[in-house]
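Engineer: Provided below for reference: sequence and predicted model.
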Amino acid sequence: MTIKLYPDERLDDLQRSGYHIIQNPKKFCFGMDAVLLSGFAKAKPGDNVLDIGTGTGVIPILMAAKTKAGHFTGLEIQHESADMAMRSIRYNHLEERISIVEGDIKEAGTLFASASFHVVTSNPPYMIEHHGLVNPDNAKMIARHEVYCTLEDIIVQTAKLLKNSGKFYLVHRPFRLAEIFYLLVKYGLEPKRMQMVHPYIDKEPNMVLIEAMKGAKSRITCEPPLIVYEKPGVYTKQIYDIYGYNDARVKEHSER
């Protein structure tokens, strides 16, 4: 299928079910965190899944390849990213399984019916608005910093949209873990599963993957840590498996 690519856009192979994604490296490309979240998240056959802040739609597309969920919806506030996501979905012939809604995360509770999703996923901005170096490129700044929404906004809307016993999957930075757990519990989303991601086996974690359940009792399982690199330029077998590589070649992805 022929899909129009605009200046600076490219079509990248996702290494899953022959799917591809349109990206603009001068704006923002998905990173390893999105891929790891798609591997960590679970969806049952027939589930209705929402990805909050979907960007170019990488998480719904990857999860469509690995699960039998009934339908995925990606919510994205930036028009350019939403347009790329919609064109990627058409290119992959996934119109029946994935929809993109252009809208504000803070209004998600009015865009969708309450308790209408079995699963919600999110790869949100990691930095509070004025923390760290704010990138002058608007698309990258919005993806990395809490400009349009806060972590609490995402958790509040997730709590409204999840069915009882529904699952919320989040990737974030460990330095905000106490805040994440506090907000999850505050809004009735009980942390149930957690996995730390370490760049090397002897380095401290730089990402955390979390599963929370709406209305669940307090009990969390800590999974074995996920190690990214065996040595510089060489992923561990766990990472190659998540990416779906069949050989030991390194595929470069733009990182946050």
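Structural biologist: Perfect, thanks for sending it.
Engineer: Could you use CA atoms for every contact and neighbour count after this?
Structural biologist: Fine.
Engineer: Sketch out the low-pLDDT regions of the stretch 101-250 of the chain for me.
Structural biologist: Within the stretch 101-250 of the chain, the ranges that satisfy pLDDT under 70 run 126-127, 129-148, 245-250.
Engineer: cutoff 80 now
Structural biologist: 126-148, 245-250 (pLDDT under 80).
Engineer: mind listing the strands for it?
Structural biologist: 117-122, 162-172, 189-198, 207-214, 221-222, 226-227, 229-231, 234-235 (DSSP state E, counting those that start in this stretch).
Engineer: strand partners of the third one, parallel vs antiparallel please.
Structural biologist: Same thing as strand 189-198. Using DSSP bridges, the strands paired with strand 189-198 are strand 207-214 (antiparallel), strand 221-222 (parallel), strand 226-227 (parallel).
Engineer: do the same with the last one
Structural biologist: Using DSSP bridges, the strands paired with strand 234-235 in its sheet are strand 229-231 (antiparallel).
Engineer: From the chain's centroid, how far away is the partner strand?
Structural biologist: On the basis of Cα atoms, centre = their mean, to the nearest Å, strand 229-231 sits 24 Å off its chain's mean C-alpha point.
Engineer: Over to stretch 212-221?
Structural biologist: For stretch 212-221, the distance to the chain centre is 20 Å (Cα atoms, centre = their mean).
Engineer: was I right about residue 63 contacting residue 36?
Structural biologist: No: contact status for residue 63 versus residue 36: not in contact, 11.0 Å apart, counting by Cα atoms under 8 Å.
Engineer: could the strands of the stretch 101-250 of the chain go into TSV alongside mean neighbour count and distance to residue 49?
Structural biologist: Shown next, in TSV, are those (neighbours: other Cα atoms under 10 Å; distance: least, Cα to Cα, whole Å):
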stretch	mean neighbour count	distance to residue 49
strand 117-122	25	5
strand 162-172	23	9
strand 189-198	22	16
strand 207-214	23	14
strand 221-222	11	23
strand 226-227	20	25
strand 229-231	14	31
strand 234-235	18	29
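Engineer: For those strands, give me a markdown table that also has distance to residue 20.
Structural biologist: Below are the strands of the stretch 101-250 of the chain laid out as a markdown table (distance: least, Cα to Cα, whole Å):
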| stretch | distance to residue 20 |
| --- | --- |
| strand 117-122 | 20 |
| strand 162-172 | 22 |
| strand 189-198 | 26 |
| strand 207-214 | 25 |
| strand 221-222 | 33 |
| strand 226-227 | 26 |
| strand 229-231 | 25 |
| strand 234-235 | 22 |
